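Enquirer: Give the three-dimensional model of this entry:
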Amino acid sequence: MSNDRRDNPRMPVALDVALYYASVRLPDCQTRDFSLRGVYVHTGGRALPRNAAIDIALALKIGEAVHYHALPAEVARIDGDGVGLMFRHPDPRTLSTLEMLLHAD
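Expert: Numbers count the residues shown, from 1 in each chain. Reported below is the predicted structural model:
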């Protein structure tokens with residue numbers, strides 16, 4: 001896409017995640033793709049405001065190991081299906097796990 005300014009590759013992946021907005025859990029959310037900088041999440045038509053602070057809870061399976069993560073994020077983009085979230089200050093362990101998943105064969 002010519003308008004796409006992302007500098008990190010996105011990987012298509014469907015993971016069930018929990019989103020928390022103002023301490024309220026949004027049920028039935030699933031990722032569409034992610035990168036080291038953010039993730040797109042289908043929210044089932046539930047709207048979230050742009051720039052809203054969101055917490056993401058997810059489990060990533062690398063090989064046989066499951067890694068649980070909580071990531072602070074911000075709503076960067078909104079469309080009819082969900083939201084594009086930009087990670088805010090992910091911890092080194094989470095970044096390492098995301099890198100392993102992005103580069104897994």
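Enquirer: so where is the protein shaky, pLDDT-wise?
Expert: 1-7, 104-105 (pLDDT under 70).
Enquirer: which residue is nearest the middle of it?
Expert: The centroid of the chain falls nearest to residue 39 when counting by Cα atoms, centre = their mean (3.2 Å).
Enquirer: starting at the chain centroid, how far to the one helix or strand that residue maps to?
Expert: Assessed by DSSP states H and E, residue 39 sits inside strand 38-42. Its chain's average C-alpha position is 4 Å from that of strand 38-42, according to Cα atoms, centre = their mean, to the nearest Å.
Enquirer: partners of the next helix or strand after that strand in the sheet?
Expert: Of the helices and strands lying after strand 38-42 in sequence (DSSP H and E), the nearest is strand 53-62. Using DSSP bridges, strand 53-62 pairs in its sheet with strand 16-21 (antiparallel), strand 65-78 (antiparallel).
Enquirer: For those strands, please prepare a markdown table with the additional fields mean neighbour count and distance to residue 98.
Expert: In short, each C-beta sits where N, CA and C put it, glycine included. Output for these, formatted as a markdown table (neighbours: other Cβ atoms under 10 Å; distance: least, Cβ to Cβ, whole Å):
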| stretch | mean neighbour count | distance to residue 98 |
| --- | --- | --- |
| strand 16-21 | 17 | 13 |
| strand 65-78 | 15 | 9 |
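Enquirer: Turn the ones you listed into CSV, columns for distance to residue 28.
Expert: Below are these laid out as CSV (distance: least, Cβ to Cβ, whole Å):
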stretch, distance to residue 28
strand 16-21, 8
strand 65-78, 18
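Enquirer: Next, residue 37: phi, psi?
Expert: Here is the backbone geometry of residue 37 (degrees, to the nearest 10): phi -110, psi -20.
Enquirer: Quick check: it touching residue 71?
Expert: No: at 11.2 Å, residue 37 and residue 71 do not qualify as touching, with contact defined as Cβ atoms under 8 Å.
Enquirer: shared neighbours of the two, anything?
Expert: Counting by Cβ atoms under 8 Å, 6 or more residues apart in numbering, the shared contacts of residue 37 and residue 71 are residue 87.
Enquirer: ok, and the closest non-adjacent residue to residue 32?
Expert: Spatial nearest neighbour of residue 32, excluding adjacent residues (Cβ to Cβ, 6 or more residues apart in numbering): residue 40 at 4.5 Å.
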